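>>> Sequence and predicted structure below; questions after.
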Amino acid sequence: MTVQELQALIVRSLPDMPRRLALAARYIVDHPDEVLVHSMRDLASRASVAPATLKRLVQTLQFGSWADFRAVYARQLRSAPDAYAERARRALHSSGFSALLQESFAAQRINLDNAAGVNLPEAFSRSAKLLGEADRVFIAAFMSCRGPGLTFAYLCRMLRDNVFLLGDGTSPLAADLALLQPTDAILTINFQPYAREADIIVRAVDESGAKLVCVSDSRATHLTRVAQETLIFPVEGPSFFPSLTAAHALVETLAIAMLTHLGDRATQRIRHIEDAYYASGTYSQTNILRKVD
């Protein structure tokens, strides 16, 4: 068994796990490097569970012992910079407003580095193909995730037709998804605690066969269970609220990947839209020098 197969098994098993067992499982899925770096006792402490919970977890997954479970990661583990966020937290011992500002910017840089490390180029390429070739693209981003959702909706509409931002208040989400087709695709953006709309989306994807690209803080959610592709963004930072800097970076990078996939037709569409903006006065031409082709 490979690490990827084991991670997929854990995610599939999550809905049937008791709460404490699921807590341990999610931590391992999101921090695979730590399985080798820490002892079982230390890993349990980091996951906020008892060591006995990890023992029950490996038994639930049909492993004879923790050593057998750990051996899968020892044989094949793609290293990722998950420890960056830990460093950001440790740095918060510094005091003063100036220091807090510096730590905030440092945390954003760390989150961006982390996102770049854990998301493979192939995942962006596959996601771009899925979103670029779907008949319709629906974007599900609620509450604080609305910001990166709006950014992606704006960029995606410059690249292709039939892009819809869900939750505009004109109709219930369930109604918007009622006619979802297997040829459609949904992009979700979410982090813990997950909005209740996620349950509606999971049901709609299960029933319709539509494709799902999930941009999330975790690979172990009920949304990732039905997703074809998952892109991860860390939310660590000194603020009272989770950081969405890496989420914005992911959707902008995904738009670049879609442009690469769609090629000349997307480039021509962007030029047509840009010219229309200037012609309509949407863009001010005062003090702007434009390159003439």
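Thanks, I have it. Numbers count the residues shown, from 1 in each chain.

>>> give me every residue that touches residue 15.
Contacts for residue 15 (C-beta atoms under 8 Å, 6 or more residues apart in numbering) come out as 222, 225. Bear in mind the C-beta positions are built from the backbone N, C-alpha and C, glycine included.

>>> how far away is it from residue 225?
Using C-beta to C-beta, to the nearest Å, residue 15 is found at 7 Å from residue 225.

>>> What is the neighbour count of residue 106?
Neighbour count of residue 106, defined by other C-beta atoms under 10 Å: 16.

>>> dump the residue contacts of residue 202.
222, 223, 225, 226.

>>> again, only this time at 7 Å
222, 223, 226 (C-beta atoms under 7 Å, 6 or more residues apart in numbering).

>>> One more: residue 224?
Residue 224 is in contact with 11, 214, 216, 230, counting by C-beta under 7 Å, 6+ apart.

>>> Tell me if the first one really is in a helix.
Yes. Under DSSP: H, G, I helix; E, B strand; the rest coil, residue 11 falls within a helix.

>>> my read: it touches residue 227, true?
No. Using C-beta atoms under 7 Å, residue 11 makes no contact with residue 227, being 9.8 Å away.

>>> Closest one to residue 235 out of the contacts of residue 202, please.
The shortest approach to residue 235 among the contacts of residue 202 belongs to residue 223, at 15.7 Å (C-beta to C-beta).

>>> Can you pull the phi/psi pair for the residue lying closest to the closest one once chain neighbours are set aside?
Distances taken as C-beta to C-beta, 6 or more residues apart in numbering put residue 214 closest to residue 223, at 5.0 Å, once the chain neighbours are dropped. Torsion angles at residue 214 (phi, psi; degrees, to the nearest 10) stand at phi -110, psi 120.

>>> quick check: mean pLDDT across the helix or strand where residue 105 lies?
Element membership for residue 105, per DSSP states H and E: helix 97-118. Helix 97-118 shows a mean pLDDT of 80.

>>> for the helix or strand following that helix, which positions count as buried?
Next along the chain after helix 97-118, taking DSSP H and E as the criterion, comes helix 121-133. By 16 or more other C-beta atoms under 10 Å, the buried positions in helix 121-133 come out as 123, 124, 126, 127, 128, 130, 131, 132.

>>> Among those residues, which one sits closest to residue 109?
residue 124 (20.3 Å).

>>> ok, now how distant is the closest one from residue 62?
Relative to residue 62, and taking C-beta to C-beta, residue 124 is found at 33 Å.

>>> One more: residue 10?
12 Å.

>>> Could you check which of the two is surrounded by more residues?
Between residue 10 and residue 62, counting by other C-beta under 10 Å, residue 10 is the more crowded of the two (21 against 10).

>>> I'd say that one and residue 27 touch.
No. Residue 10 is not in contact with residue 27 according to C-beta under 7 Å; the separation is 10.4 Å.

>>> sorry, back to before: of the contacts of residue 202 - the most surrounded one?
Going by other C-beta under 10 Å, residue 223 tops those with 22 neighbours.

>>> OK, contacts around that one?
188, 190, 198, 201, 202, 214, 216.

>>> Tell me which helix or strand the fifth one sits in.
Read it as residue 202. Per DSSP H and E: helix 197-208 holds residue 202.

>>> buried stuff in that helix?
197, 198, 200, 201, 202, 204, 205, 208.

>>> Need those in CSV (columns: pLDDT and distance to residue 101).
As requested, the buried residues of helix 197-208 are exported to CSV (pLDDT from 0 to 100; distance: C-beta to C-beta, whole Å):
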residue, pLDDT, distance to residue 101
197, 87, 34
198, 87, 34
200, 91, 39
201, 93, 37
202, 92, 39
204, 93, 42
205, 94, 41
208, 94, 46
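
>>> Redo those as JSON lines? Include distance to residue 166.
Output for these, formatted as JSON lines (distance: C-beta to C-beta, whole Å):
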{"residue": "197", "distance to residue 166": "8"}
{"residue": "198", "distance to residue 166": "12"}
{"residue": "200", "distance to residue 166": "10"}
{"residue": "201", "distance to residue 166": "9"}
{"residue": "202", "distance to residue 166": "14"}
{"residue": "204", "distance to residue 166": "10"}
{"residue": "205", "distance to residue 166": "13"}
{"residue": "208", "distance to residue 166": "14"}
